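K.L.:
Output the structure for:
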Amino acid sequence: MNILQLEYVIEVAKTKSLIKAAENLHLSPSGISKAISNLESELQMKIFNRSRLGVELTEEGKFIVSKAQEIMLKVEDITIFVNQNLNPEHVKISISANPNAMFIVPSALKTYKKNYPNSQIEIFEKKPHDILSDVLTEKSVFGITVFTDELVASHPELEFETILEGGTVLCASKNSPLAYLENLQVEDLANQSIILFEDPIWSGFVNELFDYVPNMNILFTTNNVNVISEAVSEGLGIVFSMNLLLSKVAAIQNGSVITRPFKHPSQQRFSFGIVRLKRKKLSEHSKLFIKAFKQNII
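P.N.:
Residues are numbered from 1 along each chain as shown. Sure thing, here's the model as predicted:
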């Protein structure tokens, strides 16, 4: 038994296909099949049932895969320890973050870099669904993003850590009639122009509103916070957002844009936090950066 055999078993169990596992590991299907067969012979135990439809774990195989995953986490711990202690200048963390998170990133980097100036941090601004994709494909070590209960339920392989929870607010120009309404109702959105964040979460949020207020319209779609702030300040349209981190937006700070609580008919709840793969441990430096990020939210 060796580490590579365990890695192959884990990948085949995940993909349920020798061919897909081989593609992911950049190996030949026959090579992976032979390695697993050798392991089964050594253990005198069948790990997979093979058929034309693919491969399925046996009951014994499920136990072996769970233990193999534990072993690979320990191997990863050793690798991280060696890299961080013998080669501290080689510490590298790739992070995917949504626009909300980018308000905090500069101060978090300053806090982290003060103690670890030689580490390399790569941060990519992405939409929530793209962030999940980056984490799943291991392009990013972890993500910082907005998520919903539905999104969490649909990704059992991911670990979601909530840092903040919040409802929804409507952002409008200080001169908008909506600015004078303390208790916004869905009917108040009639004939409003909506500026939409380019993301399926917010698209779904607004599309559901059209069932109640069909005479709204979409003005434009973007993730550029400065463009959205300017358009809302000028009274060109309104935008929906989480009621989190808005104090960092200049237009809200100077009073040209006001916020009003808005309760969506679906009662959808939004959370903001960290997402990572369950099967991979975070390095100590990743944990330290997350700690710095949390400190700078307060």
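
K.L.:
any idea how far I3 is from the residue lying farthest from the centre of the chain?
P.N.:
Within the chain, Q44 marks the point farthest from the mean C-alpha position, 41.1 Å out by Cα atoms, centre = their mean. With distances taken as Cβ to Cβ, to the nearest Å, Q44 is found 21 Å from I3. From N, CA and C alone the C-beta is placed, and that goes for glycine too.

K.L.:
same question, V239
P.N.:
Counting by Cβ to Cβ, the gap from V239 to I3 is 50 Å.

K.L.:
So the two - more neighbours on which side?
P.N.:
Applying other Cβ atoms under 10 Å to V239 and I3 shows that V239 carries more neighbours, namely 24 against 11.

K.L.:
Spell out the secondary structure type for the more buried one.
P.N.:
strand (DSSP: H, G, I helix; E, B strand; the rest coil).

K.L.:
Could I get the contacting residues of it?
P.N.:
V239 makes contact with L170, C171, I194, I195, L196, F197, I228, V232 under the criterion Cβ atoms under 8 Å, 6 or more residues apart in numbering.

K.L.:
Which residue comes closest to it once chain neighbours are left out?
P.N.:
Nearest residue to V239, sequence neighbours excluded (Cβ to Cβ, 6 or more residues apart in numbering): I195, at 4.4 Å.

K.L.:
In stretch 216-235, which residues are buried?
P.N.:
M216, L219, N223, V225, I228, S229, A231, V232, S233 (16 or more other Cβ atoms under 10 Å).

K.L.:
Same check on stretch 35-43?
P.N.:
In stretch 35-43, residues buried by neighbour count (16+ other Cβ under 10 Å) are A35, I36, L39, E40.

K.L.:
Quick one: residues in contact with that stretch.
P.N.:
Residues contacting stretch 35-43 (Cβ under 8 Å, 6+ apart): M1, L4, Q5, Y8, V9, V12, K46, I47, F48, I64.

K.L.:
now do stretch 124-138
P.N.:
With Cβ under 8 Å, 6+ apart as the criterion, stretch 124-138 contacts 94-99, 102, 139-147, 151, 155, 157-158, 198-201, 223, 275-277, 280.

K.L.:
Now which of the residues you listed would you call buried?
P.N.:
By 16+ other Cβ under 10 Å, those give 94-99, 140-147, 151, 155, 158, 199, 201, 223, 275-277, 280 as buried.

K.L.:
ranges for the helices of the protein?
P.N.:
3-15, 18-25, 29-43, 59-86, 99-102, 105-115, 128-136, 149-153, 200-209, 225-233, 250-253, 284-297 (DSSP state H).

K.L.:
Out of those, the one nearest P265 is which?
P.N.:
Closest to P265 of those is helix 200-209 (Cβ to Cβ; 7.1 Å).

K.L.:
how about the CA coordinates for the closest one, as CSV?
P.N.:
Taking Å, rounded to 0.1, in the frame of the first residue of the first chain, the C-alpha atoms of helix 200-209 are listed here in CSV:
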residue,chain,number,x,y,z
PRO,A,200,-27.6,34.1,-10.2
ILE,A,201,-28.4,34.7,-6.5
TRP,A,202,-29.6,38.3,-7.1
SER,A,203,-31.1,37.4,-10.5
GLY,A,204,-33.3,34.9,-8.8
PHE,A,205,-34.2,37.3,-6.1
VAL,A,206,-35.3,40.0,-8.5
ASN,A,207,-37.0,37.6,-11.0
GLU,A,208,-39.3,36.3,-8.2
LEU,A,209,-40.3,39.9,-7.6
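
K.L.:
Would you mind checking the average pLDDT for that helix?
P.N.:
Averaged across helix 200-209, pLDDT comes to 86.

K.L.:
Just name whatever secondary elements it is in contact with.
P.N.:
helix 128-136, strand 142-148, strand 193-197, strand 239-242 (3 or more Cβ pairs under 8 Å, 6 or more residues apart in numbering; DSSP states H and E).

K.L.:
closest one to E284 among the ones you listed?
P.N.:
strand 142-148 (13.3 Å).

K.L.:
Tell me what angle that closest one forms with helix 128-136.
P.N.:
140 degrees (axes from the mean of the first three to the mean of the last three Cα atoms, to 10 degrees).

K.L.:
quick one: contacts of strand 142-148?
P.N.:
Against strand 142-148 from outside (Cβ under 8 Å, 6+ apart): 95-98, 100-101, 126, 128, 131-132, 134-135, 160, 201, 242, 268-276, 282, 286, 290, 293.

K.L.:
quick one: it to chain centroid distance?
P.N.:
With Cα atoms, centre = their mean, to the nearest Å as the basis, strand 142-148 stands 4 Å off its chain's centre.

K.L.:
same thing with stretch 33-49?
P.N.:
36 Å.

K.L.:
same question, stretch 247-262
P.N.:
26 Å.
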